[in-house]
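**Q** Would you be able to build a 3D model of this:
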Amino acid sequence: MCSRSLKSQENKRLLDEPVQFVHTQQLDFKKSVLRYLPAQSPQGLLNKKVLLVGLGAIGGYMADALTKIGAGIESDFVLVDKDQFLAENVSRHLLGLLYCGQFKASAIKQHLAENTFFQQKKFDVKLKTSHHLIQSFLRKTILI
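**A** Down below sits the predicted model:
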C-alpha cells in the first residue's frame with residue numbers, strides 16, 4: 001500500500017512504462033534429482049533410509065549434498081549431533097551466523113527445509129546418539 005496517492009503525472013509515467021512478462025515454471029525436485037543419477041543407481045537415495053552422525057564442518061556439507069541426491073524425499077533422513085553451532089564454527093561450516101546458539105542438528109534441518117525445493121521432507125533430528133539408536137539403524141538403514 002502506498003502511503004500517498006499518486007498524482008496524475010506519476011500515474012501516466014507508470015502507465016507508459018513497458019510491461020515485462022516473466023515465464024515461470026514449477027520445478028519438480030524429484031525429477032531433477034533423478035535426471036543426473038548413474039544407471040546403476042537410478043533412484044539415488046530417494047527410497048533409502050539415511051543416518052548422518054556428526055554435522056560439523058564436513059557433516060553439514062554432507063547433509064546438503066545427500067539431500068540434493070534424494071535423501072529425505074521418500075524415506076527417512078536422520079541427522080544426529082549434540083553440539084551447538086557457535087560463532088567460531090561459521091568460517092568453515094555450511095551454516096551462517098543466523099544459526100548461532102542453535103543445536104547443529106536442528107539448524108541443519110531448518111537450513112535444508114528452507115533451501116531445497118521439495119515439499120515432503122522426512123527429516124528427523126536426534127541430539128544424542130546411543131548404541132540402541134545405531135543398532136536399530138544398522139538393521140534398516142542403507143547409508144550411514
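**Q** C-alpha only now, for contacts and for neighbours.
**A** Fine.
**Q** Would you map the helices across the chain?
**A** 8-16, 29-35, 57-68, 104-114, 131-140 (DSSP state H).
**Q** Tell me which of these is the most buried.
**A** helix 104-114 (a mean of 20; mean count of other Cα atoms under 10 Å).
**Q** pull the helix or strand with minimum mean pLDDT from this structure.
**A** strand 123-126 (a mean of 66; mean pLDDT, DSSP states H and E).
**Q** coming back round to it: dump the helices of the chain to TSV, plus mean pLDDT and distance to G96.
**A** Formatted as TSV, these follow (pLDDT from 0 to 100; distance: least, Cα to Cα, whole Å):
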stretch	mean pLDDT	distance to G96
helix 8-16	76	40
helix 29-35	69	24
helix 57-68	92	11
helix 104-114	90	10
helix 131-140	70	29
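**Q** can you redo those as CSV with distance to F85?
**A** Formatted as CSV, the helices of the chain follow (distance: least, Cα to Cα, whole Å):
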stretch, distance to F85
helix 8-16, 48
helix 29-35, 29
helix 57-68, 10
helix 104-114, 5
helix 131-140, 23
